[in-house]
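Peer 1: Quick check, what structure comes out for this input:
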Amino acid sequence: MKRSPEERAEAHLQKLRTRFEDPKIRRLWADRSARRRRLFLALFLVLLGTAALTSLALSQSTLTVLGSSLALLVVLIPLNITFQVLEAGSRTMHGYELVVDERQRAEIESARSLGHSITSALLILAVAIAGAAHLLSTNPAADHTVPIGVFLPVAYLVLVVHRYFPVAYLAWTQPDETSGD
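Peer 2: Just a heads-up that it's a prediction; the model follows:
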């Protein structure tokens with residue numbers, strides 16, 4: 001039995017409402033200080049992931065590469081889970097903007113716009129640093145080179161900021177939610 005596109009769209013919206021309006025998710029989001037603690041945990045995991053990625057990219061030792069790869073995997077899993085909880089609480093998952101009110105939609109769009117601006121600035125900075133590193137390392141008087149692996153953690157940070165800045169911004173700025181009980 002085929003469902004019409006309208007029925008499929010309504011089923012998808014109902015699935016989103018069920019997932020994001022779950023009382024457990026709402027409780028996790030409601031307390032601002034708990035939200036900020038989760039955000040600090042996520043930022044700490046981002047820094048650990050960056051350190052592991054830097055070690056992985058710059059290492060010459062097989063043992064260090066293996067250890068860094070394992071550390072990166074161990075860090076990325078809880079990082080993803082933490083941001084998924086924050087994303088569900090902030091209602092910023094793709095498609096959910098269809099079921100939030102206009103004020104919430106405006107807050108989400110404002111956070112996304114700010115996130116894109118910050119990502120653009122980081123990309124410009126990364127390109128400028130890469131250009132400067134290239135100029136310094138190709139100078140005939142230079143006695144050193146900049147390893148290309150340095151840019152992998154920079155790209156990782158730009159990607160993380162682009163993906164999660166709106167969630168982090170909303171987690172930091174939104175007030176406590178009042179319970180509907």
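Peer 1: how many neighbours does Ala30 have?
Peer 2: Residues lying near Ala30 (other CB atoms under 10 Å) number 16. Every residue, glycine included, has its C-beta placed from N, CA and C.
Peer 1: Looking at per-residue confidence, what score does it get?
Peer 2: At Ala30, the model reports a pLDDT of 74.
Peer 1: From Leu135, how far off is it?
Peer 2: 51 Å (CB to CB, to the nearest Å).
Peer 1: do Phe83 as well
Peer 2: Taken as CB to CB, the span from Phe83 to Leu135 is 36 Å.
Peer 1: So which of these two has more stuff around it?
Peer 2: Comparing Phe83 with Leu135 by other CB under 10 Å, the one with more neighbours is Phe83, at 21 against 10.
Peer 1: just checking, the more buried one touches Ala42?
Peer 2: Yes: counting by CB atoms under 8 Å, Ala42 is a contact partner of Phe83 at 5.7 Å.
Peer 1: Give me the common contacts of those two.
Peer 2: The contact sets of Phe83 and Ala42 overlap at Tyr164 (CB atoms under 8 Å, 6 or more residues apart in numbering).
Peer 1: Could you give the number of residues near Glu102?
Peer 2: Burial of Glu102 is recorded as 7 neighbouring residues (other CB under 10 Å).
Peer 1: Let me know the pLDDT of it.
Peer 2: Per-residue pLDDT puts Glu102 at 86.
Peer 1: ok, now Ala142?
Peer 2: Each residue has a pLDDT score; the one for Ala142 is 69.
Peer 1: And Leu98, by the same measure?
Peer 2: 66.
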